[in-house]
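Peer 1: Build me a model:
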Amino acid sequence: MAYVGDALARALPMILAVALTLGTLVCAAIGVVRARRGPVQGLARDVARWLPVGFTLAQGILFVWMTQDLYGDEATFLVPLLLLGISVAATVLVLVWTRTRRRHSHSGPGRVTDRIKARDA
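Peer 2: Numbering: from 1, shown residues only. Predicted coordinates for the structure are as follows:
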């Protein structure tokens, strides 16, 4: 029975890395699909904008922790690095697709320079 516990302890970081990557991809897919329909608002926006960032940050920390004892030329280094790269790419993609587009008005009383001029007059 101790063998099963030891095998699970060795496999758990890789299982977590895969789970975090899948979580990032699912949240990014939700964000991209919702953004194609129109502006993303509410819970879907929060899921699409914050969870992939959190998952990717957690995966980056997990990657450092998993690979701190590796030399860099080992084959086991590539799988977590690939998963982290996928997560970073999905996070950047969903942040670009769901960004808020601000409308800049160059005329009207809302400009700061107009308010300063009105105050000084």
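Peer 1: which secondary element of this structure has the worst mean pLDDT?
Peer 2: Counting by mean pLDDT, DSSP states H and E, the chain has its least confident helix or strand at helix 112-120, which shows a mean of 65.
Peer 1: pLDDT below threshold where in the chain?
Peer 2: Scanning the chain for pLDDT under 70 picks out 1, 40, 100-121.
Peer 1: Quick check: which element contains Val96?
Peer 2: helix 78-97 (DSSP states H and E).
Peer 1: what sits up against that helix?
Peer 2: Contact partners of helix 78-97, identified using CB atoms under 8 Å, 6 or more residues apart in numbering, comprise 13-14, 17-18, 20-21, 24-25, 27-28, 31-32, 35-36, 48-49, 52-53, 55-56, 59-60, 62-63, 66-67. Using the backbone N, CA and C atoms, a C-beta is placed for each residue, glycine as well.
Peer 1: just how off-centre is stretch 84-93 within its chain?
Peer 2: Chain-centre distance of stretch 84-93: 7 Å, with CA atoms, centre = their mean, to the nearest Å.
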